[in-house]
Structures are given as C-alpha cells and as structure tokens.
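Peer 1: mind folding the following:
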Amino acid sequence: MKMKHRRKQWYQNRNSDVRPIKLYHQKVSSALFAALLEEDRYCLLLAGHIHDELNWLQRMAFISTRQQNLGSSVERGGKMMQTTMLVRLLLGKLWEFNEVFSPQNAHLRAFVVKYYKPEEKDAGSNKVREILAAFESQEWLRSARNKHFLHYPKFGDIKDALNDANMEWHFESFHGKNSVNTFYPTADVLANYSWFRRVNVEKPTSGFEDAVDALIGLTRLTLDALEVSIAHFIDVNLVQFRDSKEITLSGPPLRSLRLPYLVAI
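Peer 2: Got it, this is the predicted structure:
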C-alpha cells in the first residue's frame, strides 16, 4: 500500500508545474539587532531592501520577454510595453543605488569594502571600484533616468525622435470591450524610441538591447556585492550560517512563467 502511494506521489510530482525550492532561514533576535551600531543597522536594512527590489525587477523583466515574438500584433506590442516599463524601473532603481553608494563617505560603500569576502585581501575595495567603473562607463544612464524613469517626457525630450528620418510614424489603437485591454502601441514605441536614442543615437533600434545588456551587468554586480556582504556581516556579527534552518517550499519553474498583456474579464 505504501509503495502504491509513493508511486502515485512520484507521478503527481513528475507531472506537476511546481518544483522544490530550498531556503535557509536565519533570524536575528531583536536584542542582537538593537545592539548593533546605528550605521550598521542602516546598511544591513538598506542593502537588503535594494537587493530585493533589483532581484525582483530583474526576474520580472526576464519573465516579460518570454515568447515575446509570439501572438498577435497587439499581444506582441503589449509584451514589449511591459518589458520596457520594467527595464526603465530597473534603470531607475540602479541609478538610485548608485546615488547612495558612489559618494566617498557613503555608509553602504564602506559596508561593502569591509564585508565583501573579508577573507580575501582588498576584495571589498576591488568590488567597489568595479561597480563604480561599470556605472561610469554607461554615460547615457543619467539622462535616461532623468527623462524616462519616473518622468513623462516633455516635448523637447522626444522632438528629435518624432523627426527621426529613419522612422515612419503612424498612430494605432486597440479599444477593448473592457478598458483594461485598451492599448495604444504607437505611443509606447515613440516614448521608448526616444530613450533608445540616448543609448545609441547611431542605431536607436539596437539601443534597447544595448541598454538591457548594460543593466543586466550592473544588476549582477550589485546583487553579488550586496548578498555576499550581508552574508558575511551576519556571520561575523550576529548568527552563523551553520545555525540556519533549512526550509523546502515549492514553486513554478522560472522559465514556465509568462506575463500576458491581454486579460479576460
């Protein structure tokens, strides 16, 4: 009877859309946390907050690109709008990280210098230099963040895109029976094209791919620095990893997830 139950369970798990997810839970008591210096509490919380937002945005941007070239023109346009929106959010959050990290006296910068792989000489300082150099190499980031992150473009910001000789602008709209599915694809193409030009004015259509590649690189550098630094800080000052509690949960495979634009009401 037990074997029959095990075979059934194995078959259900084999054909399920979920997979096991292993986590290691660490909990620091309020007394230990309160005993930390204010600057350390700030850095620990800020680093975790930045990590979680960038990690989620990177994941959602990846999901939004799945099967992006499949479906009707409105579906493809909607998926592209979602992807570029998420990429702009990622751009803005990366820039905000740079703002609190790059100053010479920044608490978060000192945190990474001290706790990024402390067993390796100068590893933290080298990681900081690598991150700062990576941000400085992307000269378009500041203007794209200022004009296209949370701000709608003013006329002067998109005038050049409107008059770009390489583009033939028309206007297209899809009106849904329910307004949740109404979509104006041309409007999003123009708004995005204007910031693609900031990345690559010679070939704006490849500007998005250039931007995504650059942002992925910056995100990976940032996440690595934050996660490793947090882990070493906790291990050195609070609780050791060997005292973690192992937890097994379940969830869908990342590559199976989709972010559709059109929804049935």
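Peer 1: residues near Arg129, how many?
Peer 2: Arg129 is flanked by 12 other residues according to other CB atoms under 10 Å. In short, each C-beta sits where N, CA and C put it, glycine included.
Peer 1: apart from its chain neighbours, what residue comes closest to Glu53?
Peer 2: Lys93 (5.5 Å; CB to CB, 6 or more residues apart in numbering).
Peer 1: which strand or helix spans Ile21?
Peer 2: Using DSSP states H and E, Ile21 falls within strand 19-25.
Peer 1: ditto for Trp195
Peer 2: Going by DSSP H and E, Trp195 is part of helix 185-199.
Peer 1: re the thing from before, check the average confidence over whichever helix or strand comes after the strand holding Ile21, would you?
Peer 2: Per DSSP H and E, the first helix or strand lying C-terminal to strand 19-25 is helix 30-34. Averaged over helix 30-34, pLDDT sits at 93.
Peer 1: one more: stretch 166-182?
Peer 2: 85.
Peer 1: swap in stretch 130-137?
Peer 2: For stretch 130-137, the per-residue pLDDT averages 95.
Peer 1: please enumerate the helices of the stretch 101-250 of the chain.
Peer 2: 107-115, 123-136, 141-148, 155-162, 185-199, 207-237 (DSSP state H, counting those that start in this stretch).
Peer 1: dump the ones you listed to JSON lines, plus distance to Tyr24.
Peer 2: Below are the helices of the stretch 101-250 of the chain laid out as JSON lines (distance: least, CB to CB, whole Å):
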{"stretch": "helix 107-115", "distance to Tyr24": "18"}
{"stretch": "helix 123-136", "distance to Tyr24": "23"}
{"stretch": "helix 141-148", "distance to Tyr24": "34"}
{"stretch": "helix 155-162", "distance to Tyr24": "46"}
{"stretch": "helix 185-199", "distance to Tyr24": "39"}
{"stretch": "helix 207-237", "distance to Tyr24": "10"}
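Peer 1: what count of nearby residues applies to the residue nearest to Glu53?
Peer 2: Neighbours around Lys93, by other CB under 10 Å: 21.
Peer 1: do the same with Val180
Peer 2: Considering only other CB under 10 Å, Val180 is surrounded by 11 other residues.
Peer 1: is it true that it touches Tyr261?
Peer 2: No. At 10.1 Å, Val180 and Tyr261 do not qualify as touching, with contact defined as CB atoms under 8 Å.
Peer 1: same for the host helix or strand of Met60, what does it pack against?
Peer 2: Per DSSP H and E: Met60 is located in helix 38-64. The contact analysis (3 or more CB pairs under 8 Å, 6 or more residues apart in numbering; DSSP states H and E) places helix 38-64 against helix 73-101, helix 107-115, helix 207-237.
Peer 1: count the residues that sit near the residue nearest to Met81 when sequence neighbours are not counted.
Peer 2: Closest residue to Met81 apart from its sequence neighbours, by CB to CB, 6+ apart: Asp188 at 4.5 Å. Applying other CB under 10 Å, we find 17 residues neighbouring Asp188.
Peer 1: repeat that for the one 3 residues further on.
Peer 2: Burial measure for Ala191: 19 neighbouring residues, criterion other CB under 10 Å.
Peer 1: from what I can see it touches Leu162, true?
Peer 2: No. Between Ala191 and Leu162 no contact is recorded; they are 11.0 Å apart, counting by CB under 8 Å.
Peer 1: ok, Ala191 - contacts?
Peer 2: Residues in contact with Ala191 (CB atoms under 8 Å, 6 or more residues apart in numbering) are 148, 153, 158.
Peer 1: right, I mislabeled it, should have said Val228
Peer 2: Residues 115-117 are the ones in contact with Val228 under the rule CB under 8 Å, 6+ apart.
Peer 1: in contact with the spatially closest residue to Tyr24 that is not a sequence neighbour, which residues?
Peer 2: Distances taken as CB to CB, 6+ apart put Ser244 closest to Tyr24, at 4.0 Å, once the chain neighbours are dropped. Ser244 makes contact with 24-26 under the criterion CB under 8 Å, 6+ apart.
Peer 1: ok, and the most crowded of those?
Peer 2: Gln26 (14 neighbours).
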